[in-house]
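Asker: Sequence and predicted structure, then a few things I'm wondering about:
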Amino acid sequence: MIRQLGPVRCEVVVADITTLSLDAIVNAANASLLGGGGVDGAIHRAAGPQLLAECRALNGCATGDAKITGGYLLPARHVIHAVGPVWRGGANGEDAALASCYRRAIELCQGNGLASVAFSAISTGVYGFPPQRAAGIAVAATIEALAAAPALRRVVFCCFSDVSAGLHQAELGRVGTCAG
């Protein structure tokens, strides 16, 4: 699904995020930023050892925040490492922390003059965030943040499964715009 309403094109794809040729991809990172399993491990493997070296110098990242590095061997020029929350039942600030990841990533795109970004489904893997709830937060927080990011022209929600893509498509269809 592709939405072109206003200045930003939003789309949902099922793909390997490490293959996307955009200004940035958003890694569902852990707080150490030193790699891990799932999409985090895949991004670190595909980017090569220079990514790990740069991440070591960043001294980690707090939950709900994000930091940017080079993309090295990836087709994307940058990696934005967003640290999502571990799901603990929903009463421990998980929604706010997840929304913050998406807003911070958009802020980093704007601050670095990036025009395109792809998001992984942050926190929905081993961190256990309910996928439907996460998709709603991802789309809403992204659209909210786009109002302050005129440099950004393309947003991709890169999903690991058809089910995840369907959830993101439904949310994007429900809100109806990526213009912010």
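Answerer: On my side now, so go ahead.
Asker: what ranges of the protein fall below the confidence cut-off?
Answerer: Applying pLDDT under 70 to the chain flags residues 1-6, 176-180.
Asker: Report the central residue of it.
Answerer: Centroid check for the chain by C-alpha atoms, centre = their mean gives Phe119 as the closest residue, at 3.0 Å.
Asker: Give me the sheet partners of the strand or helix carrying Ala118 and which way each runs.
Answerer: Ala118 is part of strand 116-119 when elements are defined by DSSP states H and E. Sheet pairing of strand 116-119 (DSSP bridges) gives strand 24-29 (parallel), strand 154-159 (parallel).
Asker: distance between the first one and the chain's centre?
Answerer: Which is strand 24-29. From the chain centre to the centre of strand 24-29 is a distance of 5 Å (C-alpha atoms, centre = their mean, to the nearest Å).
Asker: could you pull out the helices for this structure?
Answerer: For the chain, the helices defined by DSSP state H occupy 38-47, 49-57, 94-111, 131-146, 162-175.
Asker: Okay, buried residues for the first one please.
Answerer: When burial is assessed from 16 or more other C-beta atoms under 10 Å, helix 38-47 yields the following buried residues: Gly38, Val39, Asp40, Ala42, Ile43, His44, Ala46, Ala47. Backbone N, C-alpha and C define where each C-beta goes, glycine included.
Asker: Next: the second one.
Answerer: For helix 49-57, burial by neighbour count (16+ other C-beta under 10 Å) applies to Leu51, Leu52, Glu54, Cys55.
Asker: Closest one of the residues you listed to Asn92?
Answerer: Cys55 (26.3 Å; C-beta to C-beta).
Asker: roughly how far apart are the residue of the chain most remote from its centre and Pro85?
Answerer: For the chain, the largest distance from the centre (C-alpha atoms, centre = their mean) belongs to Ala91, which lies 22.7 Å off. Distance, Ala91 to Pro85, by C-beta to C-beta, to the nearest Å: 12 Å.
Asker: Also Ala53?
Answerer: Separation of Ala53 from Pro85 (C-beta to C-beta): 27 Å.
Asker: and what of Ile106?
Answerer: 18 Å.
Asker: Return the set of residues that bridge with Asn27.
Answerer: His81.
Asker: Surely it touches Gly41?
Answerer: No: using C-beta atoms under 8 Å, Asn27 is not in contact with Gly41; the gap is 9.9 Å.
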